[in-house]
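Participant: sequence plus the predicted model coming up.
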Amino acid sequence: TNDGQGHVDWQPAYMDFAKYYGFVPKACKPYRSRTKGKIERPIGYIRSSFWPVAFVDLDDLNRQAAVWQDTVANVRIHGTTREQPVVRFQAEKLQPLPKSRYTLAYADMRKVMSDCRISWNTNMYTVPWRYVGHTVLVREFESGSLQIEYGGQVIAEHRVLTGRHQVSTNPEHFKGIPAGTSHPDRGKVPGVQIGPDVEQRELSVYEEIAMGGQVQ
């Protein structure tokens, strides 16, 4: 989405693809068709500058077209760039493609629940406790692995569970939880003590307090 004020919310999977191949996408402004890519009209130019010509067969036509391209079309001053196309072609320096193709994966966003887990296809997967309440990017690969990312960094990896309503837990995700401090997420994480132990008393003690008595 593009609010027209310079803020663009890109689809995370698309941005991951762009980052892998090293290009920066540019969003068009809403309701501004002129900000889109310009479309050339090559057919009209070919008809007025090259066609019609006399030719014997298709090979002869292609030879004449190649000569016209090298002596006319590519050496003229282009109306938009104000440069010769042949000069622009020579100046282009494309980046080399990565050695391996981009690995396709099914991706979607999930919010880390209060028990340090995210839900994915009815199954649950843990993430480090620090990310409770945050929205993360989950990617499932054809190889059967599941990656969970936050801020462009992989924070958890699991094998995809084949059944339903199962839980994949990494004990490391619960380590380092502050004990005895008022961390906002401590009370949400399973197995974490929220505060100091409270003395347990008989019910009669509370009844006495309610009647105006004192605790001994």
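Facilitator: In hand now; what should we look at?
Participant: secondary structure class for the nearest residue to residue 81 once chain neighbours are set aside?
Facilitator: Excluding the flanking residues, the one nearest residue 81 by CB to CB, 6 or more residues apart in numbering is residue 88, at 6.2 Å. C-beta: built from backbone N, CA, C; applies to glycine. Secondary structure for residue 88, judged by DSSP: H, G, I helix; E, B strand; the rest coil, is helix.
Participant: and residue 88, how many neighbours?
Facilitator: Per other CB atoms under 10 Å, the neighbour tally for residue 88 reads 12.
Participant: and residue 159, by the same measure?
Facilitator: Around residue 159 there are 11 residues (other CB under 10 Å).
Participant: same thing with the one 5 residues further on?
Facilitator: Counted by other CB under 10 Å, the residues lying close to residue 164 total 8.
Participant: isn't there a helix covering it?
Facilitator: No. Counting by three-state DSSP, residue 164 falls outside a helix, being coil.
Participant: surely it is in contact with residue 120?
Facilitator: No. Residue 164 lies out of contact with residue 120 (CB atoms under 8 Å); the separation is 11.2 Å.
Participant: which SS state does residue 138 fall under?
Facilitator: strand.
Participant: contacts only, for it.
Facilitator: Shown in contact with residue 138 (CB atoms under 8 Å, 6 or more residues apart in numbering): 107-110, 118, 120, 146-149.
Participant: correct me, but residue 111 touches residue 134?
Facilitator: Yes. Using CB under 8 Å, residue 111 is in contact with residue 134, at 7.3 Å.
Participant: quickly find the element holding residue 119.
Facilitator: Assigned by DSSP states H and E, residue 119 falls within strand 117-120.
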